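J.: build me a model:
(2 chains)
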Amino acid sequence: MISYLARRLLQAVLVMLIVSVIVFIILHALPGGLVRAQLGPRASAYSVHQLEVTEGLLNPLPVQYGIWLLHLLEGNFGFSYKLNQPVAGLLANYLPRTLLLVGISSVLTVAIGVPMGLWQGYRRNKPDDHALSASMLILYAMPDFLLGVILIILLSLDLPVFPSTATAFGSSLTADVEVLVLPVAALTLGNVSYYSRYMRASVIDNLLEDYVRTARAKGNSRRRVLVRHVMRNSLSSTITNIGLTLPFVFSGALIIEELFNFPGIGLLFWDASQSRDYPVLLGVVLVVTASVVAGSLLADIGYAIIDPRVRYA
Amino acid sequence: MPELPTGTLPPTTGAEPEPADGLSATSRSHLGRLLITAREHKLATAGLVTAIGLTLFSFIGPLLYHTNETGTNLVLANLPPSAAHPLGTTPEGRDEIGQLMVGGQSTLVVGFAVAILGTAFGMIWGALAGYVGGFIDAALMRIVDALLAIPFLFFIVLLASITEPNLIIIILAITAASWQSTARLVRGEVLSLRTRSYVEVSQHLGARHRHVIFRHLVPNVVGTVVVTATLSMADAILSYAAVAFLGLSVPPPATSWGDLLTTGINNLFDGYWWQLWPPAVAIVLIVLAVNLLGDGIHDMTEHRHEVR
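T.: Predicted structure coming up:
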């Protein structure tokens, strides 16, 4: 277990290092460079030179990368000239809200998608399976923001139950819950189809296995075989997908936060993209990716705890 | 989304080479066989017909249905459906149907281009990693891991905000964020094919790399790749809609279904339903159609065990 953990941790660190190199390259591929992006096209040669000196941009690129990486490790993500704040403070403010949104939605997605897939696999090719498959396919074919808009029309305009914007977030606990309902629902509905389809396929495959026939031959009821044997096996392969789908959940959060005006890291990122605030853009990409990597690390550790075969592989 | 599994789990081993025709394909004509395939795969056929229909609507439609799609006419702004404008008008006073045609062009071009470019790039990357192996394989695949960890929309927005977005930039940005799963899939297939005895025998008999790649590997990977390309077209269209919603799209007067849908959303509280639902239906239809087509091709190429 220890060696598995060590290997997995090393892999995560390596992935983050490569991501940092990619982000660094993008930072330096900016037209006119970082300085022009901050000072604008009309800055004088003197002020450009001044900033280049203070930002250390005259060093060779590998040295710059080293310094930049050291700063990152110290929690120094640079300075947002547009918002006149250190980027690290902004990230610390906005990231937890997005993690809350993504976390609740991920738990709900698995809690709905897995039993649904289990049921569909059990009832494969029956009318209710077909009906569920068809509706899941339609949900999958909808852009996340369209789902959100339909929820707004149904539950905010036609039937004014929940607020259509999340601007009240943070004022009180009841407001927070009210405000989160529609964004979480939109994010969850879009991703349930992934788990239900995977789980359905996995259950159908597992039902063909010899151990199912053996368990049935020993006199176990269909329900018992399904819950005790098939679900356990299908679940462990489905759980690995949590890590795999996290990047998509975060992408969805970007859209949903913009639609509902939810003050999370996606909204911060979107505002930064409108004002070309590159230190914020790159800082957000780094912490969001780090969240994804940490999330899939957790999912893999959970997987190793559930399924001993992984530990000794 | 990563590739959705279709019907059964993605196989851990590559497909066994199959004889070219499955069963009694002795005396049937091409057309006859095609009709049988169409009848066996109703949903895939429906998907294909819908996709062709939407393509014709977008590219041939403007030749038959003439509207002014470049000018702004505020007298005609936000008109509800009428005889002159069957689906009403946009805030710029353009005909909604005409806009759907123009928007469909860029949407379909982006979807198609990303599918082709992303799949080709991913295939080369994955095949290289799987075939060469060793350190190069490890290095190439760690890059894929890293890029897959960056949430794709953040990546696309970052790339697109470095430059002024236009059709080419959008295609390249979405492609940059979508080739990685193909690379992983193809690498896996190539790795498993490489150890098959017929490939090893061929290598021991002195076959050149080119022979092994084009005679043994490519034909066996082709099915997977076509399915991936089809499904990635659907994902690219969804990504494009999302990017348009975030304000990164083709410069006006060009438009896309995502842009039109965003306009509809911005006017949601004014009740201009004709600006919201037509582009929404168009996006859902094309994504559904392409997905059904991809699933159908998957079923046709993957001769998997039938569920009892």
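J.: per-residue confidence at residue 37?
T.: Assuming you mean chain A. Turning to A:Ala37, the model gives it a pLDDT of 67.
J.: please refer instead to chain B.
T.: Looking at B:Thr37, its pLDDT reads 74.
J.: that one against B:Thr301, yeah?
T.: No - under the criterion of CB atoms under 8 Å, B:Thr37 makes no contact with B:Thr301, lying 11.8 Å away. For glycine as for every other residue, the C-beta is placed from the backbone atoms N, C-alpha and C.
J.: more crowded one of those two?
T.: Neighbour comparison, B:Thr37 and B:Thr301: the larger count goes to B:Thr301, with 16 against 13 (by other CB atoms under 10 Å in any protein chain shown).
J.: spatially nearest residue to the more buried one, not counting backbone neighbours?
T.: B:Gly223 (3.2 Å; CB to CB, 6 or more residues apart in numbering or on different chains).
J.: quick one: residues contacting the spatially most central residue of chain A.
T.: Central residue of chain A (CA atoms, centre = their mean): A:Phe250, 2.9 Å from the mean position. A:Phe250 sits next to A:98, A:102, A:266, A:288, A:291-292, B:151, B:154 when contact means CB atoms under 8 Å, 6 or more residues apart in numbering or on different chains.
J.: ok, B:Leu43 next?
T.: Here B:Leu43 is in contact with B:292, B:295-296 (CB under 8 Å, 6+ apart).
J.: buried residues, stretch A:166-185. List them.
T.: By 16 or more other CB atoms under 10 Å in any protein chain shown, the buried positions in stretch A:166-185 come out as A:166, A:169, A:178-185.
J.: what's the farthest-apart pair in these?
T.: Comparing all pairs in the buried residues of stretch A:166-185 by CB to CB, the longest separation belongs to A:Phe169 and A:Ala185, at 15.5 Å.
J.: hang on, isn't B:Leu292 packed against B:His41?
T.: No - assessed by CB under 8 Å, B:Leu292 is found out of contact with B:His41, at 9.0 Å.
J.: and these two? Which one has more around it.
T.: Each of B:Leu292 and B:His41 has its neighbours counted (other CB under 10 Å); B:Leu292 has more, 24 against 19.
J.: the residue lying closest to the more buried one once chain neighbours are set aside: which element?
T.: Once flanking residues are discounted, B:Leu292 sits nearest to B:Gly47: 3.3 Å by CB to CB, 6+ apart. According to DSSP states H and E, B:Gly47 maps onto helix B:42-59.
J.: A:Leu101 now?
T.: Using DSSP H and E, A:Leu101 falls within helix A:87-122.
J.: that helix near chain B at all?
T.: No - Helix A:87-122 stays clear of chain B (CB under 8 Å from any CB of the partner chain), getting no nearer than 9.6 Å.
J.: whichever helix or strand comes after that helix to helix B:42-59, inter-axis angle?
T.: Moving toward the C-terminus from helix A:87-122, the next helix or strand (DSSP H and E) is helix A:127-141. For helix A:127-141 against helix B:42-59, the angle by axes from the mean of the first three to the mean of the last three CA atoms, to 10 degrees is 30 degrees.
J.: alpha carbons only: can I get the helix or strand that helix A:127-141 is followed by in PDB?
T.: Downstream of helix A:127-141, the first helix or strand assigned by DSSP H and E is helix A:144-152. The C-alpha trace of helix A:144-152 is given here as PDB (Å, rounded to 0.1, in the frame of the first residue of the first chain):
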ATOM      1  CA  ASP A 144     -24.400  22.700 -19.500                       C
ATOM      2  CA  PHE A 145     -25.600  26.300 -19.700                       C
ATOM      3  CA  LEU A 146     -28.800  25.200 -21.600                       C
ATOM      4  CA  LEU A 147     -29.600  22.800 -18.800                       C
ATOM      5  CA  GLY A 148     -29.100  25.700 -16.400                       C
ATOM      6  CA  VAL A 149     -31.300  28.000 -18.400                       C
ATOM      7  CA  ILE A 150     -34.100  25.400 -18.500                       C
ATOM      8  CA  LEU A 151     -33.900  25.000 -14.700                       C
ATOM      9  CA  ILE A 152     -34.100  28.800 -14.400                       C
END
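J.: hmm, helix A:144-152 in reach of chain B?
T.: Yes - using CB under 8 Å from any CB, helix A:144-152 reaches chain B at A:144-146, A:149, A:152.
J.: same thing with stretch A:16-24?
T.: Yes - using CB under 8 Å from any CB, stretch A:16-24 reaches chain B at A:16, A:18-19, A:22.
J.: out of these, which end up buried?
T.: Listed as buried from the residues of stretch A:16-24 next to chain B are A:16, A:18-19, A:22; burial here means 16+ other CB under 10 Å.
J.: that older thread, so which of the contacts of B:Leu43 sit within helices?
T.: Filtering the contacts of B:Leu43 for membership in helices, criterion DSSP state H, returns B:292, B:295-296.
J.: ok, so of those residues, who is nearest A:Ser133?
T.: Among the ones in helices among the contacts of B:Leu43, B:Asp295 lies closest to A:Ser133 (CB to CB), at 10.6 Å.
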